[in-house]
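Participant: next one to model:
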Amino acid sequence: MTTAATWVGNRLPRREDPRMLRGTGRFTDDISSGHALHAAFVRSPMASGRIVGVDVSAALDMSGVVAVLTSADLDDAGLRAVLERPEFIATTMPLLAHDRVRYAGEPVVVVIAESRYLAEDAAEAVEVDVEEMPAVTSLSELGGELPVVHEEAPDGVLVDLQMFQDDMLESALEEAPLLLERTFQSGRVHAAPMESRACLAEWVDRDEQLVLTLSTQVPHQVRTGVAQALDLPERAVRVISPDVGGGFGLKCVVGREEVVVAAAAKRLRQPVRWSEDRQENLTASFHGREQEYRVRAGFDEAGRIIGLDADIRCNIGAYSAFPFSCGVEPLMAATELPGVYKVPRYAARARGFATNKPPTAPYRGVSRPQIVMVMEGLMEEAAARLGLDRVEIRRRNTIATEDFPYLGANGITYEPGSYIEALEMCVEETRKHGWWESRAEEGKIRGIGLANFSERTAYGTATMGMRKMAMTPGFEVAHVKMDASGDVVVTSGTCGHGQGHETTFAQLVADRLGIHPGRIKLRQGDTDLTSFGWGTFGSRSLVIGGGSAAVAARRLADKIRTIAAEMLEADAADIELIEGHAQVSGAPDARVSIDDVAANVHFRAHTLTSNEEQLLEARGTADPSGMFSNACHAALVEIDPGTGGVEVCDYIVVEDCGVVVNPMIVDGQVRGGVAQGIASALFEELVYSPDGQPMAGTFMDYLVPTASEIPQIAVHHLETPCDLTETGSKGMGEGGTIGAPATILSALNDALRDHRAGLRHVPVAPAELKRLVGVPTATQEDA
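Facilitator: Predicted coordinates for the structure are as follows:
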């Protein structure tokens, strides 16, 4: 017997929003712990060098300074991310640099003092003598003699993956009527969350436990990292993540500073806290995206792709981030490059290069913004070369409804989606809104961009296991417990930081228990509350975390039916849970409130023979293989010929994430993602000098767009329910970011169609566009 579904699909307001809007959210910096000490880090001023000496005497002489710690004080401990593959070279990221420094901003010394002001003043008094060494910073420098970042990898390659070899590919490309050989590039960017990294650590003697409160997406992974680095059993580490002001992948890895603060608290037996300022955040935390794709694609006369070969190079910075390693972006890029297109022959080589820049983390989208940019760019150029409509060439190459399930040359089976339907609907929306007439308006430099793509989501253990990570994420476990009053608490290993989990999880559970979502409270972000969990990243939380909660709620509902049936002298199979009551199907007067059922179980258990487990609670798990959401984006842009500035005039998204639990939350996720994608296409880039000095240390230099630069974004939903998940839903948290850069680049190239610009990189700066607009068509180099 199922309950009447009433809450899934409704645009319920987010339960989290009132406290955030009223300033009553509880972030790491809002949490007090007696008289906590403060940490400040002394960071390397150079991108590469040998540490000759460290003099901390002046800092130690300052009043209010409690300790000054170097790597030796921490037993030269570090974090070591591992892929169990022969193509991967593991390196250790020391908690504090001890023999050499590998990027400007790398922490060398930590000062612990009675106030943040004292700690930062004392940090200025520490003298670190570094013998500067040559630095390598960009992918363009690779080849020939290079400065060595790690002795274990003298050529700078930390991971080298040869994927999907095809003996017939080379001949297919050579014989192709059209062969395109192109290079696509993406700049280095930053997640720039509203709340930068922050942590508070305290050793609790009573529990013999190190309690670490911090802004993270992955509490259990932080627990493991701290336990391993400090040689503690995991029971002796508790990680709590309160409200988190954004993460976007920056906080789904373990930061060395957080482990150092934990080590200092354990050593000093006093609470220690650290909050990253924005300059540290931009220059010394985790970065993302800096990649280059050298591709060869063959097409037949009808515009159908024959084969694709890719050489992918990722600038992963100085270290592998724990626990994912530097292999996550090369693996993602090589595995999923074909996307929504039927590529019959495919091969890829993907490498991660160590450079003297901060390490990269899996920033929102994880290589897929780049691979969509590559595939959409190839489709558009092939269409132009073959005299085809750019929508038609997509139709001819896209996996169609009748092709599902589709096994790609990349070894992935694609379950049903709406790839063609999303494309058609998106194009139709541009017509309905008069975009094509606006594009043709005399005297305006306007273009329309398109991107049709998929987003693999909710990677389970089986799929993640193919990457051969030493720590393989995937499954989730949830508990659903009803108390004596009939209210429900859900615990999950996910860790929301703006996704609306408190609302959507409650909707899923409410439908299965037949109660109002307002009576359901989600508890997450505490390693002592949940058995285990992998946190929130990779568009996984609603599908896997919510799916496991839904399974647990379904099992709890069965228990409620059994007990209600005894109370009503009915058959459990005839009991429906509707609007807070358990009632006999077809006999609405034969019912009992779920509150009374809960009270009976807790307070009058002796009167029930069916209450074998005494309490109303259940456990659920979920571990799907992974599934594909899909979307089509369109943008209308206008270029100012005088400045090269770009106005994104309008934006349309047609997306399919299966069953939509809360359309308002999905819309918000899409719009936020699109904003980040527009940012990386037009505004944001972490620029470095040739010797490895960061040139963007504030938001004056790193241009995060405001509401003025982001257009209205219309979102339309298609629903292809997924039979691989408990809820029928697919993940969708990264899709907006994945599609937007390719869409904007497509629109810019369309706006410059008379100039044949052939842009294949992001971000695109106004100065470049101004130059391209000013070059007459006759002298424009053939792209």
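
Participant: mind giving me the domain split of the protein?
Facilitator: 17-24+475-622, 31-133+194-246+251-284, 291-461+625-773 (automatic domain parsing).

Participant: mean confidence score for the first one?
Facilitator: I take that to be domain 17-24+475-622. The average pLDDT for domain 17-24+475-622 rounds to 95.

Participant: same deal with stretch 63-77?
Facilitator: pLDDT averaged over stretch 63-77 gives 97.

Participant: same deal with stretch 723-740?
Facilitator: Mean predicted lDDT for stretch 723-740 stands at 96.

Participant: in that stretch, which residues are buried?
Facilitator: For stretch 723-740, a neighbour-count test (16 or more other CB atoms under 10 Å) marks 724-740 as buried. The C-beta positions use only the backbone N, C-alpha and C, and glycine is treated the same way.

Participant: inside helices: which ones of those?
Facilitator: Gly735, Gly736, Thr737, Ile738, Gly739, Ala740 (DSSP state H).

Participant: what's the closest of these to Gln676?
Facilitator: Thr737 (4.7 Å; CB to CB).

Participant: residues contacting the closest one?
Facilitator: Thr737 makes contacts with Arg364, Gly365, Pro369, Gly673, Val674, Gln676, Gly677, Ser680, as judged by CB atoms under 8 Å, 6 or more residues apart in numbering.

Participant: other SSEs contacting the helix or strand harbouring the last one?
Facilitator: The reference is to Ser680. Following DSSP states H and E, one finds Ser680 within helix 663-682. When contacts are defined as 3 or more CB pairs under 8 Å, 6 or more residues apart in numbering; DSSP states H and E, helix 663-682 sits against strand 646-656, strand 713-718, helix 735-751, strand 761-762.

Participant: could I get these as a markdown table with distance to Gly514?
Facilitator: A markdown table is the format used below for the helices and strands packed on helix 663-682 (distance: least, CB to CB, whole Å):
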| stretch | distance to Gly514 |
| --- | --- |
| strand 646-656 | 29 |
| strand 713-718 | 26 |
| helix 735-751 | 32 |
| strand 761-762 | 49 |
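
Participant: Gln221 is nearest to which of these?
Facilitator: Per CB to CB, nearest to Gln221 of the helices and strands packed on helix 663-682: helix 735-751, 22.0 Å.

Participant: what angle sits between the closest one and strand 646-656?
Facilitator: In terms of direction (axes from the mean of the first three to the mean of the last three CA atoms, to 10 degrees), helix 735-751 departs from strand 646-656 by 130 degrees.

Participant: just the C-alphas of helix 735-751, formatted as CSV.
Facilitator: C-alpha atoms of helix 735-751 as CSV (Å, rounded to 0.1, in the frame of the first residue of the first chain):
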residue,chain,number,x,y,z
GLY,A,735,24.1,21.7,-14.7
GLY,A,736,23.8,25.4,-14.8
THR,A,737,27.5,25.9,-14.4
ILE,A,738,28.3,23.1,-17.0
GLY,A,739,26.3,24.6,-19.8
ALA,A,740,26.8,28.3,-19.5
PRO,A,741,30.4,28.8,-20.6
ALA,A,742,29.8,26.9,-23.8
THR,A,743,26.6,28.8,-24.4
ILE,A,744,28.2,32.2,-23.9
LEU,A,745,31.2,31.3,-26.2
SER,A,746,28.7,30.1,-28.8
ALA,A,747,26.8,33.4,-28.6
LEU,A,748,30.0,35.4,-28.9
ASN,A,749,31.2,33.5,-32.0
ASP,A,750,27.7,33.9,-33.5
ALA,A,751,27.8,37.7,-32.8
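
Participant: any chance of the domains of the chain in a markdown table with distance to Arg182 as columns?
Facilitator: Formatted as a markdown table, these follow (distance: least, CB to CB, whole Å):
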| stretch | distance to Arg182 |
| --- | --- |
| domain 17-24+475-622 | 29 |
| domain 31-133+194-246+251-284 | 26 |
| domain 291-461+625-773 | 6 |
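
Participant: Glu175: which of those is closest?
Facilitator: When these are ranked by proximity to Glu175 (CB to CB), domain 291-461+625-773 comes first, at 7.8 Å.

Participant: how far does that closest one sit from its chain's centre?
Facilitator: Mean C-alpha position of domain 291-461+625-773 versus that of the full chain (CA atoms, centre = their mean, to the nearest Å) differs by 15 Å.

Participant: same check on stretch 593-612?
Facilitator: For stretch 593-612 - counting by CA atoms, centre = their mean - the centre lies 44 Å from the chain centre.

Participant: tell me, how many residues neighbour Leu407?
Facilitator: For Leu407, the count of nearby residues is 10 (other CB atoms under 10 Å).

Participant: mind checking the domains of the chain for the one nearest to Gly156?
Facilitator: Counting by CB to CB, Gly156 lies closest to domain 291-461+625-773 out of the domains of the chain; the figure is 4.9 Å.

Participant: next, the distance between the ends of the closest one.
Facilitator: With CA to CA, to the nearest Å as the measure, domain 291-461+625-773 spans 27 Å from end to end.

Participant: quick one on the thing from earlier: mind putting the ones in helices among the buried residues of stretch 723-740 into CSV with distance to Ala297?
Facilitator: Output for these, formatted as CSV (distance: CB to CB, whole Å):
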residue, distance to Ala297
Gly735, 24
Gly736, 26
Thr737, 24
Ile738, 20
Gly739, 20
Ala740, 23
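
Participant: looking at these, which is nearest Gly245?
Facilitator: The closest of these, once distances to Gly245 are taken by CB to CB, is Thr737, at 17.9 Å.

Participant: quick one: the closest one from Phe453, how far?
Facilitator: Using CB to CB, to the nearest Å, Thr737 is found at 11 Å from Phe453.

Participant: next up, the contacts around the residue most central in space within the chain.
Facilitator: Central residue of the chain (CA atoms, centre = their mean): Arg364, 3.5 Å from the mean position. By CB under 8 Å, 6+ apart, the residues touching Arg364 are Ala191, Phe248, Gly249, Gly673, Gln676, Gly733, Glu734, Thr737.
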